[in-house]
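A.B. asks: Sequence and predicted model, in that order:
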Amino acid sequence: MGGDHGPRVTLPACRNFLDRHVDAQLLLVGLPDSLRMFSHPRATVVAASEMVSMDDPLEVALRRKKDSSMRVAVQQVKEGVAQAAVSAGNTAALMAISRYLLKTLDGIDRPAIAGQIPNAKGQATTVLDMGANVDCSAEHLLQFAMMGSALVSVLSGNDNPSVGLLNIGEEAIKGNEVIKKAGELLRSASKAGDFNFYGNVEGNDIFKGTVEIVVCDGFVGNVALKASEGLATMIVDFLKMEFSRNILTKMAAIAAYPVISALKKRMDHRRYNGGALLGLRGLVFKSHGSADSLAFEYALARAYDAARNNLLDRVQVRIAHAAPLLAAMGSAGQPDTVVLA
């Protein structure tokens with residue numbers, strides 16, 4: 001029900017997803033009147049009487065709209081009816097509802113949003129956090145690295161993906177005190193075999209594909225995501241404009257069409273839609289609110305792959321392996337508490 005477009009985008013995406021994944025089943029959660037036109041043998045409508053709007057404050061989403069489609073969807077995961085939930089709705093509300101219903105994993109203080117940004121290698125760099133946590137401690141960044149490693153190992157099949165810490169320089173002496181301490185923790189965890197720490201990386205390394213995973217706070221990660229989407233759109237629009245100026249450029253465009261098409265596909269952020277809310281006792285994925293049908297289908301496919309490959313179990317295994325280090329450094333701070341009156 002959520003996002004900028006609602007069922008007119010999500011329902012076609014669901015049909016295409018089911019056609020391509022013959023062993024998958026979908027629970028479509030929302031207002032029955034909005035979903036009654038959808039029919040598929042592997043899809044079931046789960047009724048909800050309310051929906052969370054994109055501008056609803058957290059207090060409304062959590063306390064007043066207890067039968068919202070978002071809350072009912074996450075409840076399906078909590079009860080084991082579904083293996084993953086996907087929403088294009090209000091990000092803050094989705095994180096709050098998911099955290100309240102599912103709770104965080106032992107050893108994790110804050111969930112993080114892990115998303116992908118296309119890089120020059122024709123693949124994607126996984127970045128976390130991408131907006132859930134504006135202010136992070138060094139311990140939080142360590143936890144993000146562990147969860148990101150588990151996610152990429154599931155999605156890529158690489159059991160030892162490289163992790164970089166986003167900084168203003170590659171040298172260990174660069175950065176503020178939080179980043180310096182995070183670097184020390186990540187190096188210690190890497191020596192203990194918790195993950196493969198490459199070292200500090202800079203912003204251009206995200207797009208170069210220097211490492212598979214980049215760890216940062218949510219403020220920086222969200223800015224990087226939006227900048228990458230804007231850059232991709234600008235480049236494609238620029239090429240269209242330049243190649244349409246006159247007959248010669250139009251002829252050149254015909255000759256260069258295969259290259260332009262390949263570039264457009266590589267930079268198409270829709271192919272990387274679907275950010276995982278990592279650190280919860282259940283799988284929840286966040287689609288862009290502006291996602292079209294193709295983008296939302298990719299978000300569904302990413303959640304499907306995570307569930308099929310036991311992402312949650314792999315995250316827990318990595319956290320358990322790093323438990324001695326996490327215990328030695330102490331708590332990174334008490335988790336936020338939501339009180340419902």
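C.D. replies: Thanks, I have the structure now.
A.B. asks: can you pull out the helices in the protein?
C.D. replies: Counting by DSSP state H, one finds helices in the chain at the ranges 7-20, 32-35, 58-59, 69-78, 91-102, 138-156, 177-191, 203-208, 218-242, 247-267, 293-308, 311-321, 323-329.
A.B. asks: Would you mind finding the most buried of those?
C.D. replies: Scoring the helices of the chain by mean neighbour count under mean count of other CB atoms under 10 Å gives helix 138-156 as the most buried, with a mean of 25. Every C-beta, even on glycine, is put in place using the N, C-alpha and C of the backbone.
A.B. asks: Can you give the contact residues for stretch 306-321?
C.D. replies: Contact partners of stretch 306-321, identified using CB atoms under 8 Å, 6 or more residues apart in numbering, comprise 83-84, 105-108, 143, 146-147, 149-151, 153-155, 193-195, 276, 278-279, 281-283, 285, 326.
A.B. asks: re the thing from before, return the member of the helices of the chain having the minimum mean pLDDT.
C.D. replies: Ranked by mean pLDDT, the helices of the chain bottom out at helix 247-267, with a mean of 66.
A.B. asks: Show me the beta-bridge partners of the spatially most central residue of the chain.
C.D. replies: The chain has Gly275 as the residue nearest its centroid, 1.4 Å off, counting by CA atoms, centre = their mean. Beta-bridge pairing for Gly275 (DSSP bridges): Lys286.
A.B. asks: how near is it to Asp194?
C.D. replies: Using CB to CB, to the nearest Å, Gly275 is found at 23 Å from Asp194.
A.B. asks: How about Thr126?
C.D. replies: Distance, Thr126 to Asp194, using CB to CB: 17 Å.
A.B. asks: What of Val211?
C.D. replies: From Val211 to Asp194 the distance is 16 Å (CB to CB).
A.B. asks: Can you name the residues in contact with stretch 186-194?
C.D. replies: 141-142, 145-146, 149, 163, 165, 195-197, 215, 318, 321-322, 324-325.
A.B. asks: With stretch 166-179 instead?
C.D. replies: Defining contact as CB under 8 Å, 6+ apart, one finds that stretch 166-179 is touched by 136-138, 141, 165, 180, 183, 199-203, 206, 214-216, 220.
A.B. asks: Repeat that for stretch 59-70.
C.D. replies: Among residues not part of stretch 59-70, those counted as contacts by CB under 8 Å, 6+ apart are 1-2, 29-31, 48-52, 56, 71, 87, 89-90, 92-94, 96-97, 100, 338, 340-341.
A.B. asks: was I right about His40 contacting Arg15?
C.D. replies: Yes: His40 lies in contact with Arg15 (CB atoms under 8 Å); the separation is 6.5 Å.
A.B. asks: Could you identify the buried members of the contacts of stretch 59-70?
C.D. replies: Taking 16 or more other CB atoms under 10 Å as the criterion, what is buried in these is 1-2, 29-31, 48, 50-52, 56, 71, 87, 89-90, 92-94, 96-97, 100.
A.B. asks: Would you mind pulling the contact partners of stretch 22-35?
C.D. replies: 1, 6-7, 11, 14, 17-18, 38, 40, 42-49, 51, 69, 72-73, 76, 81-82, 300, 304.
A.B. asks: tell me how far that stretch is from the chain's mean position?
C.D. replies: 22 Å (CA atoms, centre = their mean, to the nearest Å).
A.B. asks: got it, and stretch 191-209?
C.D. replies: The answer for stretch 191-209 is 18 Å, by CA atoms, centre = their mean.
A.B. asks: Same check on stretch 5-12?
C.D. replies: 20 Å.
A.B. asks: can you list contacts of it?
C.D. replies: 1, 3, 28, 30, 34-35, 37-38, 88, 290-293, 296.
A.B. asks: Pick out the most distant pair among those residues.
C.D. replies: Largest separation among those by CB to CB: Met37 and Ser290, giving 23.0 Å.
A.B. asks: Between these two, point out the one with more neighbours.
C.D. replies: Taking neighbours as other CB atoms under 10 Å, Met37 and Ser290 compare with Ser290 leading, 14 against 8.
A.B. asks: Need the nearest residue in space to that one, chain neighbours excluded.
C.D. replies: Once flanking residues are discounted, Ser290 sits nearest to Asp4: 5.1 Å by CB to CB, 6 or more residues apart in numbering.
A.B. asks: Look up how far Ala291 lies from that neighbour.
C.D. replies: Distance from Asp4 to Ala291, by CB to CB: 8 Å.
A.B. asks: tally of neighbours for Gly209?
C.D. replies: Gly209 has 16 neighbouring residues, counting by other CB under 10 Å.
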